[in-house]
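Student: the following block contains a protein sequence and its predicted model.
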Amino acid sequence: MARAEEPNDSGMLLKILFICLLVVSTVTIHAVGFATLLRVMIRSHALEKEGFRPVTLLVIALTAWLIVVHLVEISVWGLFYFWQGCLPNVESSLYFSAVTYTTLGDGALALPGAWRMFAPPETLTALLMCGLSTALFFALVSRWHGNWMKWKAARELTNG
């Protein structure tokens, strides 16, 4: 009877270390992206904006920035997969990372057996980062909406 291949403990520990580094890198990219965004918004007084056009432009800019941050995070995981030879080329590696990160998981590509353990932490980390982005998005849009309503009420008082 054939014996199942025993896992290499040092190889497994190295993979766990890589997973931890990828998670820390993802969170760091997100934190830097948030800090940069908030610094720019504070310096430009964007949090005090009011009115339909300025708020709409800010929502578009906020959305674009958050997408860029998430794409950078996807790229880090994807380039790691390529670097480790998990997938045949950069395009496949980035695509696999994107469908894993976004929880689309269409099944068109899969990591080799020894690397399968990387997909769940990528998805879990991405869910947390998307949750943080959603919370920030909601907080900023709520603030701009509140400013807009105050501005509208003040205009009605002066005009009416």
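Tutor: That came through fine.
Student: pLDDT on stretch 81-101, on average?
Tutor: The average pLDDT within stretch 81-101 is 97.
Student: for that stretch, buried residues please.
Tutor: Residues of stretch 81-101 classed as buried by neighbour count (16 or more other Cβ atoms under 10 Å): 81-82, 84, 86-87, 92-101. Bear in mind the C-beta positions are built from the backbone N, C-alpha and C, glycine included.
Student: identify the residues contacting that stretch?
Tutor: 18, 70, 73-75, 77-79, 104-106, 108-112, 115, 118-119, 122-123, 126 (Cβ atoms under 8 Å, 6 or more residues apart in numbering).
Student: show me where this structure dips below the pLDDT cut-off.
Tutor: Scanning the chain with the threshold set as pLDDT under 70 gives 1-8, 160.
Student: can you point out the buried residues in stretch 38-50?
Tutor: Applying 16+ other Cβ under 10 Å to stretch 38-50 flags 41, 46, 49-50 as buried.
Student: same thing with stretch 55-65?
Tutor: For stretch 55-65, burial by neighbour count (16+ other Cβ under 10 Å) applies to 55, 58, 62, 65.
Student: before we move on, back to that, hmm, which of the contacts of stretch 81-101 are the buried ones?
Tutor: Taking 16+ other Cβ under 10 Å as the criterion, what is buried in those is 70, 73-75, 77-78, 109, 111, 115, 118-119, 122-123, 126.
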